[in-house]
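# Any chance you can model this:
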Amino acid sequence: MVQRIKDWVRAMVRRTRTDKGMTTSEYAVGTIAACAFAAVLYKVVTSQPVMSALQSLLKDALDAKF
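From the prediction side, this is the model:
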């Protein structure tokens, strides 16, 4: 019986020790990574091949016959 109580207490302690958020350093690294990803995505989307593909896609969508 004592062992079951000890196991239950250990399980409760493990459940209450979970990290629910990021620390300051994790937040900073996550922010830098998100900004870097946004910069790469912006460069890709504004490149000439992608812009022309998007323009032709939009033109075809607007010229669609119903």
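
# which is the next helix or strand following whichever strand or helix holds residue 10?
Here residue 10, judged by DSSP states H and E, is contained in helix 2-16. Sequence order places helix 24-45 as the next helix or strand after helix 2-16, per DSSP H and E.

# which is the next helix or strand following that next one?
Downstream of helix 24-45 (by DSSP H and E), the next one is helix 48-62.

# Let me know the angle separating that next one from helix 24-45.
70 degrees (axes from the mean of the first three to the mean of the last three CA atoms, to 10 degrees).

# Check which helices and strands helix 48-62 is in contact with.
helix 24-45 (3 or more CB pairs under 8 Å, 6 or more residues apart in numbering; DSSP states H and E). Every residue, glycine included, has its C-beta placed from N, CA and C.

# got the CA positions of the helix holding residue 10 in PDB?
Presented in PDB, the C-alpha positions along helix 2-16 are these (Å, rounded to 0.1, in the frame of the first residue of the first chain):
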ATOM      1  CA  VAL A   2       2.800   2.400   0.900                       C
ATOM      2  CA  GLN A   3       4.500   1.700  -2.500                       C
ATOM      3  CA  ARG A   4       1.200   2.600  -4.400                       C
ATOM      4  CA  ILE A   5       1.000   5.900  -2.500                       C
ATOM      5  CA  LYS A   6       4.700   6.600  -3.300                       C
ATOM      6  CA  ASP A   7       4.100   5.800  -7.000                       C
ATOM      7  CA  TRP A   8       1.000   8.000  -7.000                       C
ATOM      8  CA  VAL A   9       2.900  10.900  -5.500                       C
ATOM      9  CA  ARG A  10       5.700  10.500  -8.000                       C
ATOM     10  CA  ALA A  11       3.200  10.500 -10.800                       C
ATOM     11  CA  MET A  12       1.600  13.700  -9.500                       C
ATOM     12  CA  VAL A  13       5.000  15.400  -9.200                       C
ATOM     13  CA  ARG A  14       5.900  14.500 -12.800                       C
ATOM     14  CA  ARG A  15       2.600  15.900 -14.000                       C
ATOM     15  CA  THR A  16       3.100  19.200 -12.300                       C
END
